[in-house]
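Asker: structure for the following, please:
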Amino acid sequence: MRTRLITFVTGAVLLAAAGTANLTTPTPAHAADCAGAQVVTNGGFESGGSPWSASSGVITSGGGQAPHAGGAFAWLDGYGSSHTDSLSQTVSLPAGCGNATLTYWLHIDTAETTTSVAYDKLTAKIGSTTLATYSNLDAKAGYLQKTFDVSAFAGQSVSLSFSGVEDSGLQTSFVLDDLALNVSGGGTTPPDPPTDPTRTPAAPAYTVNLTSDASGATWTGHESVSFTNASPTPLTEVYLRLWDNYHGSCPSTPITATNVTGGSAAPLSVSCTALKVTLPAPLGQGRSATVGFDLGIVVPSGADRFGHDGAFNFLGNALPVLAVRDAAGWHLDPYTNNGESFYSLASDFDVTLDHPDGLLVPATGTSVDTPGTAGRTVTRATAAKVRDFAWAAGPFSKISGTSPGGVKVNVYAVSGISSADSQSMLTTAESALDAHAQRFGAYPYTEADAVLDNNFWFGGMEYPGFVLDLVSTTALTHEFGHQWFYGIVGDDEYNSPWLDEAFTDYATDLALGKTGSGCWNSVSWASSAEKISNSMAYWDAHSSRYSTVVYGYGKCALHDLRRLIGDGAMTKLLHDYAQAHWYGVSTTAEFKAAAQAATGTDLTSFWTQHRIDG
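Answerer: The predicted structure is shown next:
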């Protein structure tokens, strides 16, 4: 089968005589040490070929292609015959600069007519790390800007390279222009959410007003969300994920969104969990819009992350949230009950919940109660830079405390949980939050809520500043670890579940003083296709292996990495990685690149041995 592929890799490499990559450990970044700079030379190709190394004819100014700006550009392939082109430059990232962003503009056109086969390929790399792969299937009119966080390579000499491979059939042209690698200071204060043109709609801000019935199981009201298009590709539509409609029988659903404003609603899709809203006009880069709708929620029976256990209601994933469009397109993955499907960008929530006085309503964010109409209380919960919002409603008992690190912690318990157990879990929560904060960065929110019910079949479930849990020290330490891995450092939970579950289980071990010794005593891979980095599509088809491999083998792999590169290097790697992706999105490729930059040992065989692809 003919295949064309382009890969972009960032890696800081100094090649040894034998060809082995020797990576130096980056110097800690401090904002005061860094003068912001752009370190790619001649990124627009206006000064000829220097200092680029390129195949003959790649750097040009004509021949049927146009530049993004100026007069010159780099044109790889486009011959319509078997051909390989290359383009590379070595750049140096200052050691004191903790933030580094690589951007380039790419235009792909093709004479191929297939919609399913990648005949021609372009690969973009830094060092030996592939950041992206493109093919004739990615052809579009005009240029698109691509953006990558390469902060892990501060203090490194980085080989930036592109390789285009064309088969013997019809032509595909890969045209690059205006490459830049901007570095800036990176102190201890976490940065604002990165604006990544390939991840949009960006900076969502949700405003919600809901009123409950007497039991707290039925809620009605209104939700609106404002957002900005961060991508150079216009937004013609957005998708809302009504995740909890998985718990109903489509089209009879527990979550309803009606009377949509700000666009035209299509029928529900993806088993009634996705609502497409076509915008009135294409939304250009940097432009903002708002979509609103009337919202109805009916909580089903069951001690679940969305369900009620008697008088106690749990509303995880009940608010519709925006889907993400990135380089892979719209993420409209199905709901999984085996793990999580959720992928969202850091958002702001302002949620007002009107409920009977007899119900306590723990929620994501900071809550303030005020009197409502007779017999009712209005709880207003606000949260900044979180990925979701969850709450509960019921006649809970409540105790509160403050961790030594200054985080307010509330423990809510259903009937049947003893006061001693609640107190024990409060102590656990305070200890866990401080332990995780010390390793990965200060907890950025003002409070955290733990809601306890020993009937939860799933053990525990994480939401920003709000967790559902059994009375279990290990489980609660794990769920609060998710405040960092999934919450602060986001990921695509459907396609890369190990990035939150394995990292959180590793963090749980560290918080509880476990070293991971004997991790692999009972290892047994079910097949050659079984990998730590597999998606939920694989694990839903092999559900009995999900926990063993993603949680167990995943954390063991991280313990092995620590033993290989050293405790100090691993501690610094995870702290700096969390800081570099604070409120952003982590990928497997980015973590592998950061790990490689933290050690002089070539990790290629490590990833293969531990079955971590990406």
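
Asker: what's the neighbour count on the closest residue to residue 81 other than its chain neighbours?
Answerer: Using CB to CB, 6 or more residues apart in numbering and skipping residues adjacent in sequence, the residue nearest residue 81 is residue 168, 5.8 Å away. Just so you know, the C-beta spots here come from the backbone N, C-alpha and C atoms, and that holds for glycine as well. If you count neighbours by other CB atoms under 10 Å, residue 168 ends up with 11.

Asker: how about residue 608?
Answerer: Counted with other CB under 10 Å, the neighbours of residue 608 add up to 10.

Asker: pLDDT value on the residue nearest to residue 81, please?
Answerer: Note on residue 168: pLDDT of 86.

Asker: next: residue 100.
Answerer: For residue 100, pLDDT reads 80.

Asker: which ones are touching it?
Answerer: 93, 149, 150, 151, 153, 154, 181, 182, 183, 184 (CB atoms under 8 Å, 6 or more residues apart in numbering).

Asker: name the element it belongs to?
Answerer: Assessed by DSSP states H and E, residue 100 sits inside strand 99-110.

Asker: and for this structure, the residue most distant from the center?
Answerer: For the chain, the largest distance from the centre (CA atoms, centre = their mean) belongs to residue 374, which lies 43.3 Å off.

Asker: check the protein and tell me which residue is nearest its centre.
Answerer: residue 491 (2.2 Å).

Asker: for it, grab phi and psi.
Answerer: Backbone torsions for residue 491, taken as degrees, to the nearest 10, come to phi -160, psi 170.

Asker: next, give me the two most distant ones among the contacts of residue 100.
Answerer: Pairwise distances across those peak at 13.9 Å for 153 and 184 (criterion: CB to CB).

Asker: who's more crowded, the two?
Answerer: residue 153 (28 against 18).

Asker: surely that one touches residue 598?
Answerer: No. With contact defined as CB atoms under 8 Å, residue 153 and residue 598 do not form a contacting pair (10.4 Å).

Asker: mind listing what the strand holding residue 100 pairs with, with the direction of each?
Answerer: Take DSSP bridges as the rule and strand 99-110 pairs in its sheet with strand 144-149 (antiparallel), strand 172-184 (antiparallel).

Asker: next helix or strand past that strand?
Answerer: Next along the chain after strand 99-110, with elements defined by DSSP H and E, is strand 121-126.

Asker: if you count contacts, what does that following strand end up packed against?
Answerer: Here strand 121-126 touches strand 6-9, strand 99-110, strand 129-135, strand 157-166, going by 3 or more CB pairs under 8 Å, 6 or more residues apart in numbering; DSSP states H and E.

Asker: indicate which one of the ones you listed is closest to residue 292.
Answerer: strand 99-110 (33.5 Å).

Asker: now the closest one and strand 129-135, what's the angle there?
Answerer: 20 degrees (axes from the mean of the first three to the mean of the last three CA atoms, to 10 degrees).

Asker: just want the angle from strand 99-110 to strand 157-166.
Answerer: Using the same axes, to 10 degrees, the direction of strand 99-110 lies 10 degrees away from that of strand 157-166.

Asker: mind saving the C-alpha coords of strand 99-110 as CSV?
Answerer: In CSV, the C-alpha atoms belonging to strand 99-110 read as follows (Å, rounded to 0.1, in the frame of the first residue of the first chain):
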residue,chain,number,x,y,z
ASN,A,99,8.4,28.6,28.0
ALA,A,100,9.0,27.6,24.3
THR,A,101,6.4,27.5,21.6
LEU,A,102,7.1,26.3,18.1
THR,A,103,4.9,27.5,15.2
TYR,A,104,4.9,27.2,11.5
TRP,A,105,2.4,27.7,8.6
LEU,A,106,1.7,24.7,6.4
HIS,A,107,-0.2,24.4,3.2
ILE,A,108,-0.9,21.0,1.6
ASP,A,109,-2.4,20.5,-1.8
THR,A,110,-2.7,17.2,-3.7
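
Asker: let me know the angle separating that strand from strand 121-126.
Answerer: Going by the same axes, to 10 degrees, strand 99-110 makes 170 degrees with strand 121-126.

Asker: so, low pLDDT: which residues of this protein?
Answerer: 1-36, 185-197 (pLDDT under 70).

Asker: which of the residues in the longest helix anywhere in it are buried?
Answerer: Longest helix in the chain, counting residues (DSSP state H): helix 419-440. In terms of neighbour count (16 or more other CB atoms under 10 Å), helix 419-440 has its buried residues at 421-422, 425-426, 428-437, 439-440.

Asker: now residue 568: phi and psi?
Answerer: Dihedral angles (degrees, to the nearest 10) for residue 568: phi -60, psi -40.

Asker: tell me the contacts of it?
Answerer: Applying CB under 8 Å, 6+ apart, no residues contact residue 568.

Asker: which ones are touching the residue nearest to the centre of the chain?
Answerer: Applying CB under 8 Å, 6+ apart, one finds that residue 491 lies in contact with 343, 485, 499, 500, 585, 586, 587.

Asker: in the residues you listed, find the pair that's most separated.
Answerer: Pairwise across the contacts of residue 491, and taking CB to CB, the largest span is found between 343 and 485, at 14.0 Å.

Asker: the more surrounded of those two?
Answerer: Neighbours were counted for residue 343 and for residue 485 using other CB under 10 Å; residue 485 has more, 26 against 23.

Asker: nearest residue to the more buried one other than its sequence neighbours?
Answerer: residue 503 (4.2 Å).

Asker: might one say that the one you found is in contact with residue 483?
Answerer: No. With contact defined as CB under 8 Å, residue 503 does not count as touching residue 483 (12.0 Å).

Asker: neighbour-wise, which of those two wins?
Answerer: Neighbours were counted for residue 503 and for residue 483 using other CB under 10 Å; residue 483 has more, 29 against 26.

Asker: give me every residue that touches the more buried one.
Answerer: Contact analysis of residue 483 by CB under 8 Å, 6+ apart lists 433, 436, 443, 445, 448, 462, 464, 465.

Asker: okay, it and residue 436: tell me how far apart.
Answerer: Plainly put, residue 483 is 7 Å away from residue 436 if you go by CB to CB, to the nearest Å.

Asker: shared neighbours of these two, anything?
Answerer: In contact with both residue 483 and residue 436: residue 443, using CB under 8 Å, 6+ apart.

Asker: sec struct for the nearest residue to the residue nearest to the centre of the chain once chain neighbours are set aside, please.
Answerer: Leaving aside its chain neighbours, residue 491 sits nearest to residue 499 (4.0 Å; criterion: CB to CB, 6+ apart). Using DSSP: H, G, I helix; E, B strand; the rest coil, the structure places residue 499 in helix.

Asker: and residue 544, by the same measure?
Answerer: helix.

Asker: the one 10 residues further on now?
Answerer: Here residue 554 takes the helix state, with states given by three-state DSSP.

Asker: which residues does it contact?
Answerer: 498, 501, 502, 503, 505, 506, 532.

Asker: how far away is the nearest residue to it once chain neighbours are set aside from residue 431?
Answerer: Distances taken as CB to CB, 6+ apart place residue 502 nearest to residue 554, at 2.5 Å, with adjacent residues excluded. To residue 431, residue 502 is 22 Å away according to CB to CB.

Asker: then residue 451?
Answerer: Counting by CB to CB, the gap from residue 451 to residue 431 is 18 Å.
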